[in-house]
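> This is a predicted model, with the sequence first.
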Amino acid sequence: MSGTISRYNFKAIAPIPDSSKLIDVVLSKTNRKTPTEIRANFKITRIRRFYMRKVKYTQTTCNEKLQLIVDSFPNLDDIHPFYADLMNVLYDRDHYKLALGHVNKAKAIVDRISNDYVKLMKYADSLYRCKMLKRAALGRMATLLKKLKPSLGYLEEVRKHLARLPSINTNTRTLLITGYPNVGKSSFLNNLTKADVDVQSYPFTTQSLFVGHTEYKYTDWQIIDTPGLLDRPISERNTIEMQAITALAHLNACILYFIDISEHCGYTISDQIKLFKNIRKLFYTVDPDTQETVVSKPIVLVLSKIDVTGWEEVSQENKDLITETAEESKAFVVKMSNTEKIGLDEVKQTACDILLDHRLTQKAKNPKKAESILNRVYVATPKRKDKVERPAHVPKTVLDQVPRPNDKKTVLEMQVENGGAGVWSFPYQEHFLLEDDDWKYDNAPTFMGGHNVADFYDPDIEEKLNELEKEEEYLTKLEAAEVPDMPSEMEQMMVEEYERVKKKIGYIKHTKITQREHRVNKKRVAADVTGLKLREKVGDKADEILERNKQNRKSLFEIMGVSKKRRKTGEEMEVDQGDDMAMQVDKNDMSLRMKMRDRKIKFAISRMEGADPKKLSTKVQNKSMERVRHKIEKKLKKVENVTFADRMQTTKMPKHLYSGKRGNGKTDRR
């Protein structure tokens, strides 16, 4: 990392795997990226190359992973001193360097292991010995990675904490807030920026650095809230306080030291001034030219909570103490209140202005900066061409201080009187140049479809609207009145039409029922005639045939769960329900049963002795149909006897098992 970098992106550090996961990654990658098939009958040189390649690839993969871990963490000697000291406070510089050194040293050990075993493989005379040497090399590398477990775990915790640190730009314009706990530091940050820092009544609510951003003079400013400080030696300060000390020492910022003049924070004004004098040495530096101690950072003493205790209520002794301290430190004194929001803008403006002046002064003192600017800029110095005096021209009215007429108001005064910005608009009409001044404030015509809307405006529209509203109100009252409902002429016509249609439907229904009964009776007579013909043809066997058909039909109904009893109603014939289901059988079903019975009788007659036998179909089946039938039967025969215990492999050679190892970038089979 370069020393000029002002902001480090700690969130970009990749997660650190633990030792077991790192071993799995290395070995699985070696297995995927190197050949996996070797035979004992291969040449010994080929077998050696095969196992050497595996050892070398494992070494390369280990080095890549470990180097990535080392490079992802910042080097404390190369980054900004603020970040270096902050990491020393939070994580301990020695522990941090030891963990990274442990990981870095593991790379060299992996290289040595790889080189040693590759040399031994050159003298191996069989596949077994090559394999054992490879196994020993990979085993030693895995054991080495296991020993990195504590260091990798520590670095992962450091990475998690670094990702939660705020992103602080060490070179931008910065305001740094400090002071005792509970003096109003976090509330001030919340009021000036969009930060949302927790504010409570107990001390040390803020336990780390918080950053907010605001704007002043069209530039971005960074405001940093630090944890509260106590007046004690630096060796006794804890980690929370040392974060604030680190920021005060290394950041080039304007220091806002908060003093609670109400003393509600639990510390007197003299104690707060004593703490300021204790940390003031962090803001001083020695001038190399004069060897004098000068203030290196602008300071503002912010007197907070003036809504609780006013400046007038402070004792004269404390006032003198604050004033003397400000003069000694060349600091500005500003009063403010977070609750009433008094003086917030004044504190911001004062701090930003003095920091801008300080930064410009520092740049001007740097000779390299001045030379670089003068080399790029040409400064023109005009020469006098004569001795004539040419003073600046100032208008006579300004010199005479002619007062403005009282009756004429400015635009700003008119805006304030008429509701302010957004409510009042400037009257541009009074500046219109028209033939008649009475036309200035006329409404502009509105056009629609090429016509002026005003031409279609009815002057009596309001009167007509009032009449319509009265009529609507009268109709509403009339509907609400309790008037008995009388059948209208339309309703009577609808009732008569309904009765007429009902009679017509009844007549049609009666006609259809009569026709259906006639059809059933006709088929019944035809069945009796069929029975007579059967008796004439076969004699006494006719009754036996009919009885057999009757029994067959009865068994069919019993299987279906329907009884054969019929009972006639006026419009339909029903079949009695069995135990499980009920069926409504229409008279059309009777005709179907008659046809089935006649067909069975004819079939029985054809099978009797002396009857002509029925010829079988001699139609040749299509060959394509025969192939399809054979294919279906083959599939059924294969599947019908398969159970869950059978190990059935539908595909003989699955591609993902027999296609060999894939190359780099070839993932089209996934």
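Perfect, thanks for sending it.
> For residue 391, what is the enclosing helix or strand?
Using DSSP states H and E, residue 391 sits in no helix or strand.
> any idea how far residue 399 is from it?
12 Å (CB to CB, to the nearest Å). Glycine gets a C-beta too; all of them are placed from N, C-alpha and C.
> okay, and the common contacts of these two?
Residues touching both residue 391 and residue 399 (CB atoms under 8 Å, 6 or more residues apart in numbering): there are none.
> measure residue 233 to residue 180 for me?
Here residue 233 is placed at a distance of 16 Å from residue 180 (CB to CB).
> So the two - more neighbours on which side?
Neighbour totals were compared for residue 233 and residue 180, and residue 180 leads with 22 against 7 (other CB atoms under 10 Å).
> where exactly do the strands run in the stretch 301-450 of the chain?
332-335, 447-448 (DSSP state E, counting those that start in this stretch).
> Run through the neighbouring helices and strands of the first one.
Packing contacts for strand 332-335, counted by 3 or more CB pairs under 8 Å, 6 or more residues apart in numbering; DSSP states H and E, involve strand 299-304, helix 316-329, helix 344-365.
> To residue 379, which of these lies closest?
Among those, the nearest to residue 379 by CB to CB is helix 344-365 (15.3 Å).
> now for the closest one, which elements pack on it?
Counting contacts by 3+ CB pairs under 8 Å, 6+ apart, helix 344-365 is packed against strand 174-179, helix 185-192, strand 210-216, strand 254-260, strand 299-304, strand 332-335.
> What mean pLDDT does it get?
Average pLDDT, helix 344-365: 86.
> buried ones in it?
Residues 344, 347, 348, 350, 351, 352, 354, 355, 356, 358 are the ones in helix 344-365 that count as buried (16 or more other CB atoms under 10 Å).
> What of stretch 22-38?
22, 23, 26, 27, 29, 30, 34.
> Which one's more surrounded, residue 391 and residue 399?
Taking neighbours as other CB under 10 Å, residue 391 and residue 399 compare with residue 399 leading, 8 against 5.
> Could you check how far that one is from residue 309?
Distance from residue 399 to residue 309, by CB to CB: 50 Å.
> For the stretch 201-350 of the chain, give me the ranges with low pLDDT.
286-293 (pLDDT under 70).
> Find the nearest non-adjacent residue to residue 430, please.
Nearest residue to residue 430, sequence neighbours excluded (CB to CB, 6 or more residues apart in numbering): residue 440, at 6.5 Å.
> whoops, I mixed them up, residue 40
residue 127 (4.8 Å).
> Redo the strands of the stretch 301-450 of the chain as CSV? Include mean neighbour count.
What follows is the strands of the stretch 301-450 of the chain, written out as CSV (neighbours: other CB atoms under 10 Å):
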stretch, mean neighbour count
strand 332-335, 18
strand 447-448, 9
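> Now distance to residue 62 too, for those strands, in TSV please.
Output for the strands of the stretch 301-450 of the chain, formatted as TSV (distance: least, CB to CB, whole Å):
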stretch	distance to residue 62
strand 332-335	59
strand 447-448	81
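> Indicate which one of the ones you listed is closest to residue 206.
Of all the strands of the stretch 301-450 of the chain, it is strand 332-335 that lies closest to residue 206, at 21.6 Å by CB to CB.
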